[in-house]
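Participant: here's my sequence, what's the structure:
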Amino acid sequence: MRRALRTLTIWSFIWFTALASAFPAGAQETEADQEAVEVENGNLINAVVDEMIVADDLEILLVPLTAEELSQIAGTWQSYVRSRLEEVAQVNLQLRSASGTREDSLRSQLSSLNDSGSDILNNYRLVLEAWTLKGAKAEELEPHTDYILALKTGALKTTDLQTLFQNAWAWLFSWDGGVGLLMAGLGVLLAVWAMMFIARMVRRVTERGLNKIPTISRMLKRFIATAVYWAVFVLGILVVLALFGVNVTPLFAVLGGLSFILGFALQETLGNLASGLMIMVLKPFDTGDYIQVGGSSGFVDEMSVVSTKIRTFDNQIIIVPNSKIWGDVITNVSASEERRVDLVFGIAYSDNAAQAIEVLKDLVARHQLCLKTPEPEIFVGELGDNSVNIFCRPWVSVR
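Facilitator: Predicted coordinates:
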């Protein structure tokens with residue numbers, strides 16, 4: 001027992017000694033790590049506020065910084081812009097009284113200052129954009145945005161016409177200016193054409209797949225193919241805009257707001273849309289069918305998600321909203337492959353009705369379009385005021 005207690009005491013001493021030595025070491029390691037992080041953060045901020053940094057590198061280095069750090073960095077870049085504009089202002093003052101070789105030298109110096117100032121101003125904007133994405137408040141950003149706006153107005157007022165013309169000419173033929181804008185425009189046009197081509201190809205593949213499904217109506221196939229085309233095209237355009245640096249996130253917010261507003265403003269149109277989708281899915285009729293609906297009758301020429309176009313026998317076009325069709329009784333004359341034709345023949349009371357019935361039976365039997373089964377019905381249907389009416393009801397194929 002004593003031996004066990006002695007062993008336990010020794011191990012307890014060793015354990016507490018190890019803990020006592022571990023905690024200071026851990027504290028030292030934590031302090032060392034913290035110092036390393038501080039040094040790393042200091043190096044990152046020093047790199048971000050480097051006046052000669054390239055815009056592409058700056059955009060990458062701005063990602064890990066916090067909003068508080070970006071607010072201080074924005075002030076630093078604002079001071080760079082102010083310092084460069086002060087140099088530009090001094091050169092502009094000297095240009096007013098300069099001439100000859102001195103004027104050419106000053107204009108060359110001014111052009112160089114404008115180029116470097118443009119790069120600094122662009123980096124300043126990148127910092128403000130990163131700060132905005134990190135949750136900068138409007139009242140914090142307002143002094144910076146007002147300062148940039150005032151710079152543009154002041155530059156136009158204080159720069160002479162010759163310098164403005166030279167700057168405009170240089171911008172027109174620079175990759176950051178007119179040439180770049182032209183190439184971007186051509187790139188957008190090429191991308192739009194490519195998206196249209198891809199959307200057409202996807203639509204054709206979709207149509208081929210839908211044609212293998214016999215239970216889907218032609219109207220629904222056309223609707224699905226069109227929806228796929230526009231979905232691919234719109235998504236492709238959004239991807240292209242994102243590749244060109246356009247922030248597409250606000251577009252989704254705008255679309256969400258518009259859909260909410262249009263949902264109230266276009267309730268009847270949305271009802272037609274829902275009715276059109278129900279007609280396409282449940283397929284009470286298809287294009288080419290002869291229907292009777294809503295007091296109108298004719299062949300279905302075309303159907304959209306909003307309305308249906310019906311062509312009458314006298315070649316009139318009737319546009320019926322889908323909600324009117326779906327909410328009414330639909331008679332599809334072309335739905336069945338076989339249809340009965342109801343004919344009425346009147347004979348005089350002095351004529352032989354039995355003989356007339358036999359003549360009609362013979363005509364129906366010899367007619368190529370009349371079916372043998374179901375058998376035709378021929379009988380005296382009614383006694384009119386001036387004639388005996390014989391009903392003749394043969395069956396024909398509508399295909």
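Participant: tell me the domain ranges of this protein?
Facilitator: With domains defined by automatic domain parsing, the chain comprises 57-172, 179-265, 287-332, 338-397.
Participant: mean pLDDT, mean neighbour count and distance to residue 280 added to those domains, as CSV?
Facilitator: Just so you know, the C-beta spots here come from the backbone N, C-alpha and C atoms, and that holds for glycine as well. Formatted as CSV, the domains of the chain follow (pLDDT from 0 to 100; neighbours: other C-beta atoms under 10 Å; distance: least, C-beta to C-beta, whole Å):
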stretch, mean pLDDT, mean neighbour count, distance to residue 280
domain 57-172, 79, 15, 43
domain 179-265, 80, 13, 4
domain 287-332, 88, 16, 8
domain 338-397, 92, 13, 25
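Participant: now render those domains as CSV, adding distance to residue 278.
Facilitator: Formatted as CSV, those follow (distance: least, C-beta to C-beta, whole Å):
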stretch, distance to residue 278
domain 57-172, 44
domain 179-265, 11
domain 287-332, 6
domain 338-397, 26
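Participant: and of those domains, who's closest to residue 276?
Facilitator: Shortest distance between residue 276 and these, using C-beta to C-beta, is found for domain 287-332: 4.0 Å.
Participant: contacts only, for residue 399.
Facilitator: The contact partners of residue 399, by C-beta atoms under 8 Å, 6 or more residues apart in numbering, come to residue 337.
Participant: repeat that for 10 Å
Facilitator: Going by C-beta atoms under 10 Å, 6 or more residues apart in numbering, residue 399 touches 334, 337-338.
Participant: looking at the residues you listed, spot the one nearest residue 288.
Facilitator: Nearest to residue 288 among the contacts of residue 399: residue 334, at 7.3 Å, using C-beta to C-beta.
Participant: please name the nearest non-neighbouring residue to that closest one.
Facilitator: residue 289 (4.1 Å; C-beta to C-beta, 6 or more residues apart in numbering).
Participant: just the helices in the protein please.
Facilitator: Using DSSP state H, the helices of the chain run over 2-48, 55-61, 67-97, 100-133, 138-158, 161-172, 178-211, 218-243, 249-265, 267-282, 322-326, 353-366.
Participant: which other helices and strands contact the fourth one?
Facilitator: It stands for helix 100-133. The contact analysis (3 or more C-beta pairs under 10 Å, 6 or more residues apart in numbering; DSSP states H and E) places helix 100-133 against helix 2-48, helix 55-61, helix 67-97, helix 138-158, helix 161-172.
Participant: now the angle between helix 67-97 and it, please.
Facilitator: Here the directions of helix 100-133 and helix 67-97 differ by 160 degrees (axes from the mean of the first three to the mean of the last three C-alpha atoms, to 10 degrees).
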